[in-house]
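A.B. asks: sequence and computational prediction follow.
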Amino acid sequence: MTAPTTAPTKTPGRRGTAWHLLRARLCPLLTVLALLVGPTACAGSGGRHVTVMVPWDGQEEFGAFYSVVKDFEHDTGIQIDVQVTRALTQQLDAAVTADAPPDLAVLPSPAAIARYAKMADGLQPLDRKTADSGSYLEPFQGLARVDGATYAVPVKIDVKSLVWYDTETTSKPRTRSTDTLSSFAREGELGWCLGLASGPTSGWPGADWIADIVLADAGTDVYAGWASGRLPWTTTAIERAWTRWRDLVGAPTLKQASEKRVADATRAMAAAEPGCRLAHGARSALATELQKESRFDFVAPAAHAPLEVSGDFIGLFADDNPAARTFVHYLSGVRAQQNWVDAAGSSAFSARTEGIGYRNAVQRRIAALVEPASGHPLCFGAADLMSPDVVAAFYRAVLVHADGDEDTGKLMDDLQEVQSSLGSKERIPQDDICSHPT
């Protein structure tokens with residue numbers, strides 16, 4: 001692995017001034033409120049205060065991150081103001097446009113890193129010290145770079161190519177292949193626990209699953225070509241993955257899943273409801289009921305088969321706040337990463353190549369899958385590499401496909417039309433999408 005590169009310096013924009021003016025206007029009001037509610041964001045300003053925008057509103061994910069924040073505040077005296085939003089991209093876009101973004105933001109995809117790095121007054125490049133001197137797994141390290149400069153560091157990762165089952169009610173599937181699982185799921189009416197409803201991002205579990213099928217059936221080259229926008233949606237391997245997903249899950253289950261919430265599907269599995277014994281996806285996508293139940297286990301792809309992975313990155317927008325760079329450096333280090341992994345209810349895994357241990361046996365088995373020695377190529381989730389317009393169309397198509405209201409070929413034609421007209425011109429380099437363990 002190569003260490004993060006030292007990046008060129010961007011010309012400072014107006015946002016630092018705008019943010020300080022905004023803070024100056026708010027401080028008198030906040031000072032009054034402080035008499036009632038305690039210390040304000042103005043306390044410790046002048047290089048001792050950092051704002052960070054995060055997308056985690058769940059108790060487990062946010063709680064794990066906040067435990068790391070409290071340790072940092074205790075050690076440094078720097079105050080971290082955490083801004084939580086489920087509509088991170090929309091709010092961050094608005095803040096950047098208004099020249100008043102947070103100092104830091106958690107970026108959920110390489111596509112977001114590439115887009116904000118290209119924006120005027122967007123992401124700031126990270127020097128080697130800020131990004132820590134450790135090495136990170138590929139493809140996470142490479143996807144944090146734009147034009148050779150490092151713009152973010154991975155703070156947590158996960159594996160999406162897992163099939164979960166209830167060990168008390170279900171025998172272990174022999175393999176994770178689509179054909180084997182199709183017959184296995186129908187034996188004894190085991191069935192899939194699947195929900196696709198998730199507010200503005202409804203459809204994402206299906207998008208992850210379809211991408212996983214493309215990866216398993218067509219291989220890394222086809223997958224990377226499609227995910228980067230170079231291979232059309234109308235390619236036979238892509239269209240076939242949608243059909244295989246429908247055959248695997250079953251039309252009745254898909255129809256119900258289009259209106260079932262993701263969390264409700266997970267609770268149904270935890271409650272061992274009839275016809276709901278298997279689930280697909282990353283551990284972090286599973287609700288508390290499954291994470292805390294020891295009776296659930298997973299089946300991974302065969303040895304050396306590619307894995308679909310995901311990750312969250314921290315990016316710097318402040319060009320005038322050294323404390324923000326200090327926090328990025330801390331988050332990327334071994335201590336913070338270990339505390340994050342160990343936090344109660346945490347489903348996080350680290351992209352660091354060394355220094356991290358896992359207490360839970362299931363965690364250790366998942367972590368072992370992403371180690372280069374495992375031989376598994378790691379490919380970032382396809383939807384996380386696409387432009388926002390294409391992702392939105394992808395998710396909508398998943399819901400339409402689940403309802404069974406439109407021919408698959410017509411869906412692929414429509415998606416390709418969106419890709420051709422609205423797909424990002426700043427494409428993710430195809431060579432960066434998957435790792436290539438030797």
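C.D. replies: Arrived safely. Every value quoted in this text rests on a predicted model; they were computed, and no experiment measured them.

A.B. asks: rest of the way, CA atoms for contacts and neighbours
C.D. replies: OK.

A.B. asks: neighbours of the residue lying closest to Arg359 once chain neighbours are set aside, how many?
C.D. replies: Excluding its sequence neighbours, the residue lying closest to Arg359 (CA to CA, 6 or more residues apart in numbering) is Asp342, at 7.5 Å. Counted by other CA atoms under 10 Å, the residues lying close to Asp342 total 19.

A.B. asks: what does Gly333 give?
C.D. replies: Gly333, neighbours per other CA under 10 Å, totals 18.

A.B. asks: thinking again about what came up before, look up how far Tyr358 lies from the residue nearest to Arg359.
C.D. replies: Using CA to CA, to the nearest Å, Asp342 is found at 7 Å from Tyr358.

A.B. asks: repeat for Ala131
C.D. replies: Here Ala131 is placed at a distance of 23 Å from Tyr358 (CA to CA).

A.B. asks: alpha carbons of the helix or strand encompassing Ala241, as CSV, please.
C.D. replies: Per DSSP states H and E, Ala241 falls inside helix 236-249. Presented in CSV, the C-alpha positions along helix 236-249 are these (Å, rounded to 0.1, in the frame of the first residue of the first chain):
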residue,chain,number,x,y,z
THR,A,236,-26.7,-8.5,-21.2
ALA,A,237,-24.9,-9.2,-17.9
ILE,A,238,-26.6,-6.2,-16.3
GLU,A,239,-30.1,-6.9,-17.5
ARG,A,240,-29.7,-10.6,-16.6
ALA,A,241,-28.8,-9.6,-13.0
TRP,A,242,-32.2,-7.9,-12.5
THR,A,243,-34.0,-11.0,-13.8
ARG,A,244,-31.9,-13.3,-11.5
TRP,A,245,-32.7,-11.1,-8.5
ARG,A,246,-36.5,-11.5,-9.2
ASP,A,247,-36.1,-15.2,-9.6
LEU,A,248,-34.1,-15.5,-6.4
VAL,A,249,-36.4,-13.5,-4.2
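
A.B. asks: list the buried ones in that helix?
C.D. replies: Residues Ala237, Ile238, Glu239, Arg240, Ala241, Trp242, Arg244, Trp245, Arg246, Leu248, Val249 are the ones in helix 236-249 that count as buried (16 or more other CA atoms under 10 Å).

A.B. asks: and the contacts of that helix?
C.D. replies: Identification of contacts with helix 236-249 by CA atoms under 8 Å, 6 or more residues apart in numbering yields 178-179, 181-182, 191-192, 209-211, 213-214, 217-218, 226, 233, 254, 402, 408-409, 412.

A.B. asks: do a quick rundown of the helices in the stretch 51-200 of the chain.
C.D. replies: 59-76, 88-97, 110-118, 140-143, 178-186 (DSSP state H, counting those that start in this stretch).

A.B. asks: any chance of these in a markdown table, plus distance to Met53, mean pLDDT and mean neighbour count?
C.D. replies: Output for the helices of the stretch 51-200 of the chain, formatted as a markdown table (distance: least, CA to CA, whole Å; pLDDT from 0 to 100; neighbours: other CA atoms under 10 Å):
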| stretch | distance to Met53 | mean pLDDT | mean neighbour count |
| --- | --- | --- | --- |
| helix 59-76 | 12 | 92 | 16 |
| helix 88-97 | 7 | 92 | 15 |
| helix 110-118 | 14 | 93 | 21 |
| helix 140-143 | 20 | 94 | 26 |
| helix 178-186 | 38 | 69 | 16 |
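
A.B. asks: quick check: which of the ones you listed is nearest to His436?
C.D. replies: Among the helices of the stretch 51-200 of the chain, helix 140-143 comes nearest to His436, with 12.1 Å by CA to CA.

A.B. asks: outline the domain layout of the protein.
C.D. replies: 15-157+309-374, 163-307+377-432 (automatic domain parsing).

A.B. asks: what's the burial count for the closest residue to Ala224 other than its chain neighbours?
C.D. replies: In this structure, Ala224 finds its nearest non-sequential neighbour in Gln430, 5.6 Å apart by CA to CA, 6+ apart. Gln430: 16 surrounding residues under other CA under 10 Å.

A.B. asks: touching, Gln430 and Gly225? I think so.
C.D. replies: Yes. Counting by CA atoms under 8 Å, Gln430 touches Gly225, with 6.4 Å between them.

A.B. asks: pLDDT below threshold where in this structure?
C.D. replies: 1-47, 133-134, 178-180, 183, 185-189, 287-293, 344-345, 425, 438 (pLDDT under 70).

A.B. asks: mind running it again at 50?
C.D. replies: Low-confidence segments of the chain, defined by pLDDT under 50, are located at 1-46.

A.B. asks: can you give me the strands for it?
C.D. replies: Ranges of strands in the chain, per DSSP state E, are 49-54, 79-84, 104-107, 145-146, 149-150, 152-159, 163-166, 278-280, 296-299, 307-316, 378-380.

A.B. asks: out of those, nearest to Ser332?
C.D. replies: Of all the strands of the chain, strand 152-159 sits nearest to Ser332, with 6.2 Å by CA to CA.

A.B. asks: what packs against that closest one?
C.D. replies: Judged by 3 or more CA pairs under 8 Å, 6 or more residues apart in numbering; DSSP states H and E, the packing partners of strand 152-159 are helix 140-143, strand 307-316, helix 322-332.

A.B. asks: how far out from the middle of the chain is the longest one?
C.D. replies: Relative to the centre of its chain, helix 322-332 is centred 21 Å away, using CA atoms, centre = their mean, to the nearest Å.

A.B. asks: for that helix, buried residues please.
C.D. replies: Ala323, Ala324, Arg325, Thr326, Phe327, Val328, His329, Tyr330, Leu331, Ser332.

A.B. asks: what's the closest non-adjacent residue to Tyr136?
C.D. replies: Using CA to CA, 6+ apart, the closest residue to Tyr136 is Arg352 (4.4 Å).

A.B. asks: give me the number of residues near the one you found?
C.D. replies: 23.

A.B. asks: quick one, what contacts it?
C.D. replies: Gly134, Ser135, Tyr136, Leu137, Val334.

A.B. asks: distance of Leu254 from Ala285?
C.D. replies: 18 Å.
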